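Participant: Structure of the sequence below:
(chains A, B, C and D)
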Number of protein chains: 2
Amino acid sequence: MTTSLRSNPTDLPPIPSACLPRPLDAVAAIRDVANDRFSMRSAVGIRRYEPRQMIFEQSQPCRHIFEIIEGTVKLTIALPDGRRQILAVLGPGDLLGLPLGQQHNTSAIAISDVRVKQIARSVFDASLLLQSRAAAQLQKLFLKMQDMIVSLGRRSATERIASYILETAKSGNSDAATPNQPTWSFTLALSQTDLADHLGLTLETVSRELTKLKNHKIIRMSGRNHLEVLDPSGLSEFADNVSHPQTAPNCGTTNEAPEPVFVGRRRRAAR
Amino acid sequence: MTTSLRSNPTDLPPIPSACLPRPLDAVAAIRDVANDRFSMRSAVGIRRYEPRQMIFEQSQPCRHIFEIIEGTVKLTIALPDGRRQILAVLGPGDLLGLPLGQQHNTSAIAISDVRVKQIARSVFDASLLLQSRAAAQLQKLFLKMQDMIVSLGRRSATERIASYILETAKSGNSDAATPNQPTWSFTLALSQTDLADHLGLTLETVSRELTKLKNHKIIRMSGRNHLEVLDPSGLSEFADNVSHPQTAPNCGTTNEAPEPVFVGRRRRAAR
DNA sequence: CGCGATTTTGACGGTCCTCAACTTTTGTGG
DNA sequence: CCACAAAAGTTGAGGACCGTCAAAATCGCG
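Facilitator: Sure thing, here's the model as predicted:
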C-alpha cells in the first residue's frame, strides 16, 4: 500500500520542516540550509549494532537521531507484562529516533547487522534539511500505520499474513520478479516471532498460517527465512480485500463532497 | 459506501489545486508567511454538517483542508466488505484532510453537528503557518496511532474499553473532576457502534464490556451516552498496563545506550 | 556433532464473533 | 402529547478463531 516508492525522500508533499514544535524562523532556516552540509559532517558518527542489540529504548530522552546506512531495525513498544508490538520495520535511508516528544516513544532494536549514522539532537534541530527528511519519513510511517490499524483491528490472521507477504514482495525487496515468471522471491526481514509481534498474533499462529500457505502451494520456504511466492493471485485471494489507495475504484471521479452526504449503516463483516 | 448521490455540486467554487509535491522554498515561504493573514481570509469558507454526513471520502482527491470549529468528526477507513475502522476522532481546533498523498486516505464523517472552516488546497500549500499546524497535528495523531496499534494488536477487549474510558475521562473532556470527589463525568463522543469500530471489536462486545463495568460499579451510564466513572482506580485495573510516556518509570535515568545492550526474549503475555 | 534458538505440531480452551430476538431510546408526524 | 417507526443498545446461545501450554523437530552456528 502507498506503494509509490519515491527514491528521494525530499520530494514528498509539503508538510514542512515544522516537524518540531519550535518557533518558526525562516531566516534562520535559510542560514541553516547553507550550513547543512558542514554541520552534518561535524557532529556525526557511525555506529554498528548486531542483531538483537538495542539502539535506543522506549522512554529514554532522545538525544540523537539515527540514519540507517545498512541493515534493518524494528521499532517496538512493550507492555509491562511482556507483550510486545512491532510498530515498524525500517531499512537503509530511514531515520530513527525522531523527536516527537521529549522521550523516545518506542525502542529501536537491530534485526540484522546494522550500521547507522548517529546525529546529535542539536545538529538535527538546526538542520532544515534533516527536518524535512524527518517530516517525509513521518508521513510515510503515518500512512503505513494507518493500514496497520485497519489490519490489526479488522482483519483475520490469514489476511494479515497474506497481505504482509504480498506487500513485502511487492515493495521491491523481491529479488527477481521477471514478467513472464511471476514468482517473487525474497528474504523475510522478520523472524516468525517478530512477524507475530508485528501482526498482533502469536508465533504459533504465524507458523500455522505459513504452513497453510505452503500446503496450498501458494508459497515455498527454504533456509531460515527465504520465501518464494508461487501463486501471487492465490495469495491475494487470501489477503482478500486490501484497498490500495492508488488502485482504489473511483479515483477522482467524484467531487470533494461539498454537498452533505449521508452515510449508510455499517454492514457487518463477512468472513 | 461510495453510492451516495449528490444533488448539486455547483455551489462550491471548484479550486484547481496544485496537488503536486513542491520543493521546499524558504524564500517563498517567508513571503507566504507575510501573506498568511490575508490569504486565509480570502479563500476560506464555513461549512456545516449534521451527524452522519460525510465531509470527504476515502480516495477522493484532496482539494481542501478543513479546520474543525465546532463538533466532532471521525476518520474512518472501510474495507470492501463493509468492515470499518475508525482511525481517529477529532474535535475543535483539529485539522482535517491533510494532504499526505494525492488523495484522502480516510473518510471524514461528522459525528455531532459540525462547523468547519474550509481552506482551499492552494491556500494551504502557500501557507507556512497552516503547514506548521498541520505538522503539529500530524505528530499528535502519530503518537495516538502508535498507542492504538499496541491496543489493537496486544490488548484484550476489556483492556481496550477500560483504557479508552480512562483516557477520554482524563483528556479533559470530563465535566467536573473535583479533587475531593474523584468521579469523572463526561459525554462519550462515540456511539457504541462507533466505539466498536474504533477499538476493533463488535458492538455486542462493547455493550457486554460496558455492562460488565456497570455491574462492577466501576461506571454508571445515563442518557444515551453520558458516562460517569465511579471507581477510577478500579477502572485502571481493568485497563491494566497502560504505559503513558509521561508516567513511564525510568524517565531519563538511563543513557542513550551508545553501549550495545542485548534485549531479552519476549515473555509471553499473561492475561 | 552438539547445543541453543527457532519453528512445527497437537490438544485444548477462552475470548470474542455471529446470529437472532428483544428492549430501550430517539425522532417524527398527526 | 401520543403513536409509531427507526435507530441504538441489550442479552442469549453457540461456535470459530486464535491464544495457551507442551513437546517434538528443525535449523544454524561454533
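
Participant: Which residues of the stretch 101-250 of chain A lie near DNA strand D?
Facilitator: Within the stretch 101-250 of chain A, the positions near DNA strand D by C-beta under 7 Å from any atom of the strand are A:156, A:157, A:158, A:200, A:201, A:202, A:204, A:205, A:223, A:224. For every residue, glycine as well, the C-beta is placed using N, CA and C.

Participant: closest to chain B among the residues you listed?
Facilitator: Set against chain B, the nearest of these by C-beta to the nearest C-beta is residue A:200 (3.1 Å).

Participant: Look at that closest one and say how many residues are nearby.
Facilitator: If you count neighbours by other C-beta atoms under 10 Å in any protein chain shown, residue A:200 ends up with 25.

Participant: tell me the contacts of it?
Facilitator: Neighbouring residues of residue A:200 by C-beta atoms under 8 Å, 6 or more residues apart in numbering or on different chains: A:85, A:151, A:152, A:160, B:152, B:153, B:154.

Participant: Out of those residues, list just those in helices.
Facilitator: Among the contacts of residue A:200, the ones falling in helices (DSSP state H) are A:151, A:152, A:160, B:152, B:153, B:154.

Participant: just the buried members of these?
Facilitator: Buried subset of the ones in helices among the contacts of residue A:200 (neighbour count, 16 or more other C-beta atoms under 10 Å in any protein chain shown): A:151, A:152, A:160, B:152, B:153, B:154.

Participant: so what's the fifth one closest to, chain neighbours aside?
Facilitator: Computed as C-beta to C-beta, 6 or more residues apart in numbering or on different chains, the closest residue to residue B:153 that is not its neighbour in sequence is residue A:200, at 3.1 Å.

Participant: how about stretch A:225-233: buried residues?
Facilitator: A:227, A:229, A:230, A:231, A:232.

Participant: Restricted to helices, list those residues.
Facilitator: Assigned to helices by DSSP H, the following of those qualify: residue A:232.

Participant: tilt between the host helix or strand of residue A:139 and helix B:128-154?
Facilitator: Element membership for residue A:139, per DSSP states H and E: helix A:128-154. Comparing the axes of helix A:128-154 and helix B:128-154 via axes from the mean of the first three to the mean of the last three C-alpha atoms, to 10 degrees yields an angle of 40 degrees.

Participant: Against which helices or strands is helix A:128-154 packed?
Facilitator: Packing partners of helix A:128-154 (3 or more C-beta pairs under 8 Å, 6 or more residues apart in numbering or on different chains; DSSP states H and E): helix A:26-42, strand A:84-90, strand A:95-96, helix A:121-126, helix A:157-168, strand B:73-78, strand B:84-90, helix B:128-154.

Participant: Next up, the contacts around residue A:161.
Facilitator: Residue A:161 touches A:195, A:199, A:201, A:206, A:209, A:210, A:213, A:238, counting by C-beta under 8 Å, 6+ apart.

Participant: measure the closest residue to residue A:188 other than its chain neighbours to residue B:91 for me?
Facilitator: Spatial nearest neighbour of residue A:188, excluding adjacent residues (C-beta to C-beta, 6+ apart): residue A:225 at 4.1 Å. In this view, residue A:225 and residue B:91 are 45 Å apart by C-beta to C-beta, to the nearest Å.

Participant: Nearest to chain B within the stretch 1-150 of chain A, name that residue for me.
Facilitator: Residue of the stretch 1-150 of chain A nearest chain B, by C-beta to the nearest C-beta: residue A:82 (3.1 Å).

Participant: any chance of the helices and strands packed on helix A:128-154 in a markdown table, with distance to residue B:169 and mean pLDDT too?
Facilitator: Putting the helices and strands packed on helix A:128-154 into a markdown table (distance: least, C-beta to C-beta, whole Å; pLDDT from 0 to 100) gives the following:
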| stretch | distance to residue B:169 | mean pLDDT |
| --- | --- | --- |
| helix A:26-42 | 41 | 50 |
| strand A:84-90 | 24 | 97 |
| strand A:95-96 | 34 | 96 |
| helix A:121-126 | 34 | 93 |
| helix A:157-168 | 32 | 96 |
| strand B:73-78 | 19 | 97 |
| strand B:84-90 | 15 | 97 |
| helix B:128-154 | 16 | 96 |
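
Participant: Which one of these lies nearest to residue A:56?
Facilitator: Within the helices and strands packed on helix A:128-154, the stretch nearest residue A:56 is strand A:95-96; the backing value is 7.7 Å (C-beta to C-beta).

Participant: Given the closest one, what are its sheet partners and their directions?
Facilitator: Strand A:95-96 pairs in its sheet with strand A:64-70 (antiparallel), by DSSP bridges.

Participant: and the partner strand, which residues are buried?
Facilitator: In strand A:64-70, the ones that count as buried by 16+ other C-beta under 10 Å are A:64, A:65, A:66, A:67, A:68.

Participant: Tell me which residues touch the second one, please.
Facilitator: Residues touching residue A:65, when contacts are defined by C-beta under 8 Å, 6+ apart, comprise A:95, A:96, A:97, A:98, A:99, A:118, A:119, A:121, A:124, A:130, A:134.

Participant: In this structure the last one contacts residue A:97, no?
Facilitator: No - Residue A:134 is beyond contact range of residue A:97, at 9.8 Å (criterion: C-beta atoms under 8 Å).

Participant: And these two? Which one has more around it.
Facilitator: Counted by other C-beta under 10 Å, residue A:134 and residue A:97 do not tie: residue A:97 has more neighbours, with 27 against 22.

Participant: How is chain A partitioned into domains?
Facilitator: A:9-153, A:156-239 (automatic domain parsing).

Participant: which of those domains is buried the deepest?
Facilitator: domain A:9-153 (a mean of 19; mean count of other C-beta atoms under 10 Å in any protein chain shown).

Participant: quick one: low-confidence parts of chain A?
Facilitator: A:1-43, A:172-182, A:241-271 (pLDDT under 70).

Participant: how close does residue A:85 sit to residue A:106?
Facilitator: Per C-beta to C-beta, residue A:85 is found 9 Å from residue A:106.

Participant: scratch that, residue A:69 is what I was asking about
Facilitator: 20 Å.

Participant: Would you mind listing what in the stretch 51-200 of chain A touches DNA strand C?
Facilitator: So the stretch 51-200 of chain A meets DNA strand C at A:191, A:192, A:193 (C-beta under 7 Å from any atom of the strand).

Participant: same thing but at 10 Å, please
Facilitator: A:51-52, A:153-154, A:156, A:188, A:190-196 (C-beta under 10 Å from any atom of the strand).

Participant: Just give me the closest of these to residue B:60.
Facilitator: Taking C-beta to C-beta as the measure, residue B:60 lies nearest residue A:154 of those, at 21.4 Å.

Participant: That closest one contacts residue B:81, correct?
Facilitator: No - with contact defined as C-beta under 8 Å, residue A:154 does not count as touching residue B:81 (9.6 Å).

Participant: about what we covered before: spit out the contact partners of the residue nearest to residue A:188.
Facilitator: The contact partners of residue A:225, by C-beta under 8 Å, 6+ apart, come to A:187, A:188, A:190, A:191.
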